[in-house]
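> Task: produce atomic coordinates for the following.
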Amino acid sequence: MKIISIIPARGGSKGLLHKNIMHLMGKPLLVHTIEQSLDSILIDETIVSTDDSAIKDIAERNGATVIKRPIELAGDFISSEEVIKHTIKVLEEQGNKPDIIVFLQCTLPIRRKSDMDKQIQKLMDENYDSVFSVTKAKIFIWTNKNGVLIPLNYDYKKRPMRQNKDIQYDETGSIYVFKTDVFEKENNRICGKFGIYEMPYECSFDIDNYFDLWLCEKILERDAK
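Residues are numbered from 1 along each chain as shown. The predicted structure is shown next:
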């Protein structure tokens, strides 16, 4: 059985310029996720999909295989599924098509050492087609529909105590594990019979601005002590 990870890392970024290679704890953000993938005992190959030459060099220097992403798949509105499909196509042409894919977003750099392997093992042991990372959600969510405010996950007239709310989960975006053949049928990283893998709240922080970068660095500094 062939298991690979795919890390998308395009050169452009609307929020932070060159975000994927900004330094966090003394090394490029991308490298944190590459190293976590390489530490896995179940992942056979770590692949970075990028359109950017600087990212390509950093990825290769740190032990990842790079698949060059065409410019038409590097825009702001390209879905992750399109990137995954392109990577599968290239690997299939090389005779290297995987059975299981671990999709990792490097803007969420905080993962425990065992998280990837435990999530892969859950998929295999419990016969799931896909498993995605979540954290427990305790927030009260509202939406605005045509100027009307509507609560989505509670009745504000019967406000529950947080500890008495039904368990709800936030899809973190950190780790997705799925079977390649089921993904290809459904064109979605959450596919077939799916399950969840719960991670701590701090693993849900997605770097989108300088405060996020500072916050993740403080968490990593704490964990390094």
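
> can you give me the strands for the chain?
Under the criterion DSSP state E, the chain carries strands at the ranges 3-8, 23-24, 27-28, 45-50, 65-68, 100-104, 130-137, 142-145, 148-151, 168-179, 194-198.

> With residue 215 as the reference, name the closest of these.
Across the strands of the chain, residue 215 has its closest neighbour in strand 23-24 (10.7 Å, Cβ to Cβ). For the C-beta atoms, the positions are set from N, CA and C on the backbone; glycine is no exception.

> List the pairing partners of the closest one within its sheet, with orientation.
Partner strands and pairing direction for strand 23-24 (DSSP bridges) are strand 27-28 (antiparallel).

> Tell me if I'm right that residue 37 and residue 102 touch.
Yes: when contacts are counted by Cβ atoms under 8 Å, residue 37 is listed as touching residue 102 (7.2 Å).

> which residues does the closest residue to residue 153 other than its chain neighbours contact?
Taking Cβ to Cβ, 6 or more residues apart in numbering as the measure, residue 153 lies nearest to residue 141, with 4.9 Å between them; neighbours along the chain are not counted. Contacts of residue 141 were listed using Cβ atoms under 8 Å, 6 or more residues apart in numbering, and they are 151-153.

> returning to what we had before: tell me, what's touching residue 37 and residue 102 both at once?
5, 43, 116.

> Pick out whichever of those residues sits closest to residue 87.
Ranking the shared contacts of residue 37 and residue 102 by separation from residue 87, with Cβ to Cβ as the measure, puts residue 5 on top at 10.4 Å.

> burial count for that closest one?
Under the neighbour criterion other Cβ atoms under 10 Å, residue 5 is assigned a count of 29.

> do the same with residue 58
Residue neighbour count, defined by other Cβ under 10 Å, stands at 23 for residue 58.

> dump the residue contacts of it.
Counting by Cβ under 8 Å, 6+ apart, residue 58 has contacts 21, 28, 30-31.

> between these, which is closest to residue 49?
Of all these, the one with the least separation from residue 49 (Cβ to Cβ) is residue 30, at 11.4 Å.

> How confident is the prediction for the most far-flung residue of the chain relative to its centre, by pLDDT?
Most distant from the centre of the chain: residue 157, at 36.5 Å, with distances by Cα atoms, centre = their mean. Residue 157 is assigned 85 on the pLDDT scale.

> Ok, the one 3 residues further on next?
We have a pLDDT of 76 for residue 160.

> If we ignore the residues flanking it in sequence, what's nearest it?
residue 154 (6.2 Å).

> My read is that residue 62 contacts residue 33, right?
No: the pair residue 62 and residue 33 fails to qualify as a contact (Cβ under 8 Å) at a distance of 10.1 Å.

> what's around the closest residue to residue 202 other than its chain neighbours, how many residues?
The shortest distance from residue 202 to any residue other than its chain neighbours is 5.2 Å, reached at residue 219 (Cβ to Cβ, 6+ apart). Residue 219 has 16 neighbours, counted by other Cβ under 10 Å.

> Identify the residues contacting residue 219.
If you count contacts by Cβ under 8 Å, 6+ apart, residue 219 has them with 110, 202, 205.

> gap between it and residue 19?
18 Å (Cβ to Cβ, to the nearest Å).

> before we move on, what about residue 195?
30 Å.

> now swap in residue 147 and tell me
When Cβ to Cβ is applied, the distance between residue 147 and residue 19 equals 34 Å.
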